[in-house]
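Visitor: got a sequence here, can you model it:
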Amino acid sequence: MKRFLSIILSLALMLTLFAACSSAADATEDSSEAEGAVETATAEASLLGEDGVFVVGFDQDFPPYGYVGDDGEFTGFDIECAKVLAERLGWEISLQPIDWDAKDFELESGTIDCIWNGFTINGREDLYEWTQAYVDNSQVFVVRSDSGIASVADLAGKVVAAQKDSSALSAINDDPELLASFEELIEVAEYNTAFMDLEQGAIDAVAMDIGVAEYQMEGREADFTILEETLMAEQYGIGFKLGNTALRDAVEAEFVKMVEEGVVAEISAEFFDGEDVCIIGK
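Guide: Numbering: from 1, shown residues only. This next block holds a predicted model:
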């Protein structure tokens, strides 16, 4: 009988110790999970700043990459990609329209976290932290079809417009012979104004991105032509402030996943007549 009681007491003691150990383990696990959540939140806060908001800077007059839709909301290929990426990462996003010629100030001052809107890498490689290129693009000249202008040489003595601080403007200024051939080179704030001037005959050509040119040409009363000779070939990337590699890496990694899963192709099809313009993985 004593031996039986001894066995019972031993078993009871073992169960008590097991319960205590389990409780301690659970407490340790809960503590680890809590610490992990804090570390994740801290990491995201350090990536996105104190408010934890992902602020995307863009030109709202640059369709089909970024513009104001018929419903009054910001949309476009780049804008929709940014929205989906932020949602997948659990980030709050703020879409911040900027003056394109003030983009560097906006980025340096921390007003925006990145520039994501048909942003050309070529010639700016050392000025920003870039993601890998995701779109191939060319700078071209657009003219009225009835203008008699069939080549770049025909632009001699003509008035040409380009957007302020754009790749097209830089390419023209980097070609002194071409620049000298124009009667005048005009800088415009946005392309809608340039196309209105082109329609009215106030200017003879617009130098711009081919993707934007094709979009702008749709639905206008005047008939336009894109000259076959390109001004410059280029690629688009997402640009971040120099040194901000952590945020660049996080965005790039998620964007590549979106490409691999076909998400970017679906967004592209919506804005480019069914075409997948993304070059990542191709």
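
Visitor: let me see the ranges of the strands in the stretch 51-200 of the chain.
Guide: According to DSSP state E, counting those that start in this stretch, the stretch 51-200 of the chain carries its strands in the segments 53-58, 61-62, 66-68, 74-75, 92-97, 114-115, 129-130, 135-144, 159-163, 184-188.

Visitor: for Ser151, find the nearest of these.
Guide: Among those, the nearest to Ser151 by C-beta to C-beta is strand 135-144 (9.3 Å). Every residue, glycine included, has its C-beta placed from N, CA and C.

Visitor: so for the closest one, what's the average pLDDT?
Guide: For strand 135-144, mean pLDDT is 95.

Visitor: in it, what's buried?
Guide: Buried positions in strand 135-144, judged by neighbour count with 16 or more other C-beta atoms under 10 Å: 135, 137-144.

Visitor: now stretch 273-282
Guide: In terms of neighbour count (16+ other C-beta under 10 Å), stretch 273-282 has its buried residues at 277-278, 280.

Visitor: then stretch 102-114?
Guide: The neighbour-count check on stretch 102-114 (16+ other C-beta under 10 Å) flags 103, 106-107, 112-114 as buried.

Visitor: give the rounded mean pLDDT of that stretch.
Guide: 95.

Visitor: from the chain's centre, how far out does stretch 247-261 sit?
Guide: Relative to its chain's centre, stretch 247-261 lies at 11 Å (C-alpha atoms, centre = their mean, to the nearest Å).

Visitor: other residues contacting that stretch?
Guide: Contact with stretch 247-261 is made by 47-48, 81, 84-85, 88-89, 113-114, 129-132, 134, 238, 240, 264-265, 278, 280-281, as judged by C-beta atoms under 8 Å, 6 or more residues apart in numbering.

Visitor: between the buried residues of stretch 102-114, which is nearest Ala207?
Guide: Lys103 (19.0 Å).

Visitor: any idea how many residues pack against the spatially closest residue to that closest one that is not a sequence neighbour?
Guide: Nearest residue to Lys103, sequence neighbours excluded (C-beta to C-beta, 6 or more residues apart in numbering): Ile115, at 5.5 Å. Ile115 has 25 neighbours, counted by other C-beta atoms under 10 Å.
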